[in-house]
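K.L.:
Structure of the sequence below:
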Amino acid sequence: MSEKNMHGRIFKKLREERGYKLKDVAGDVISTRTLTRFEADETSVSVVVFEKLLKNCDLDSVDYLIYYVKNTEIETTEFAKRMQGYIESGSSVEIVNECMKELKKSDIKFAVRLDILNFMQLIEWNGRSELFEENKRIIKEKIESTSKLGWSEIHGLINLINSASSEDYSCEYIDRVIEDCFQNIYDGNYPNSLFNGAYGMLLISSLSFLSRNGYYELVEKQCKETLINFNKLSSLYDRSKYYIDVTEILAMVYLSQNKEEGIELANKVLKYRNTLAESINNPLYKQKRDISYEKFCEVNKTGIDFEF
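P.N.:
Numbers count the residues shown, from 1 in each chain. Below is the predicted model of the structure:
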């Protein structure tokens, strides 16, 4: 089972270890049948419902997060472990072959489908296969039929949007996703709202989609609104990271339209990323800075050089 889709089983393990009965935890929050399905990772629950279930176990989200971190590694499926081994060895061909073999099975768990989608994106595979296209369609249909996104649906949607074109999603749909993100990102440290990180990534992916597909007027409006909202969430975990990511998207929108405001924003982003790259001994920060610089240069129509 993928790390992003195991919360039901981990919750069940935590509940049983604490000696709480299924009916007592379900209470008047959800039916025992729905809780049973959630604990089997057959369905998802909303943030609000999940927090009420934790409360019925006399726990809060901090308690759950600590338990989750300690128990996620042992929950990984054999399929995911094999794929991780291939990724570490750089064997993209084996990853594609194993994923195809898995998709040919008659009974595939939704978690495995999400793993396959994720691994294909990790290796940046650009080939064509009806098996992979069908996998995307199945994931997309399940997400669109879900009224309230849970952990698995959020991460599945992130992966789908990251590689989507305007033929896959309308700007109206993406706009609704962004509004949903606004409603589900809470002020406070990450452990106090376990879904903040997921909704933050979904928000960035959605804004990037609008920018990538040329919906400049809408993405400019949403980026500005996002930055205003982030300013209000003074205790939001990783706020500076999200703020810079959104500023980068807005800068690219301006640069693509030959607007000089994009130069000022791009310089701010590059200075921020360069400071991190020079102060933290981690090649990933330098890579992130260089990628941002290349992206800015690619879309810059102003003819003005960047300074950082």
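
K.L.:
Quick one: distance of stretch 118-133 to the chain centre.
P.N.:
18 Å (CA atoms, centre = their mean, to the nearest Å).

K.L.:
in it, what's buried?
P.N.:
118-120, 123, 132 (16 or more other CB atoms under 10 Å). All C-beta spots, glycine's among them, are computed from the backbone N, C-alpha and C.

K.L.:
Which of the residues you listed sits closest to residue 161?
P.N.:
Within the buried residues of stretch 118-133, proximity to residue 161 (CB to CB) peaks at residue 118, which comes in at 13.1 Å.

K.L.:
Would you confirm that that closest one contacts residue 159?
P.N.:
Yes: the pair residue 118 / residue 159 is scored as a contact, 5.7 Å apart, by CB atoms under 8 Å.

K.L.:
in the stretch 201-308 of the chain, which segments are predicted with low confidence?
P.N.:
Applying pLDDT under 70 to the stretch 201-308 of the chain flags residues 234-237.

K.L.:
All the helices of it, residue numbers only.
P.N.:
Secondary structure of the stretch 201-308 of the chain by DSSP state H, counting those that start in this stretch: the helices cover 216-232, 239-256, 261-279, 283-299.

K.L.:
Please identify the most buried of those.
P.N.:
helix 239-256 (a mean of 21; mean count of other CB atoms under 10 Å).

K.L.:
Please spell out which residues along the helix or strand hosting residue 14 are buried.
P.N.:
Residue 14 is part of helix 7-17 when elements are defined by DSSP states H and E. For helix 7-17, burial by neighbour count (16+ other CB under 10 Å) applies to 7-15.

K.L.:
before we move on, what about stretch 147-160?
P.N.:
Applying 16+ other CB under 10 Å to stretch 147-160 flags 149-160 as buried.

K.L.:
Ok, stretch 33-41 next?
P.N.:
35-39, 41.

K.L.:
shaky segments in the stretch 51-200 of the chain?
P.N.:
62, 69-77, 186-195.

K.L.:
chain center to stretch 81-88: distance?
P.N.:
Distance, stretch centre to chain centre, for stretch 81-88: 21 Å (CA atoms, centre = their mean).

K.L.:
what's the domain layout of the chain?
P.N.:
The chain breaks down into these domains under automatic domain parsing: 3-75, 90-163, 166-308.

K.L.:
Just the helices from the stretch 51-200 of the chain, written as ranges.
P.N.:
61-71, 78-89, 92-103, 110-122, 130-144, 151-162, 171-184, 196-212.
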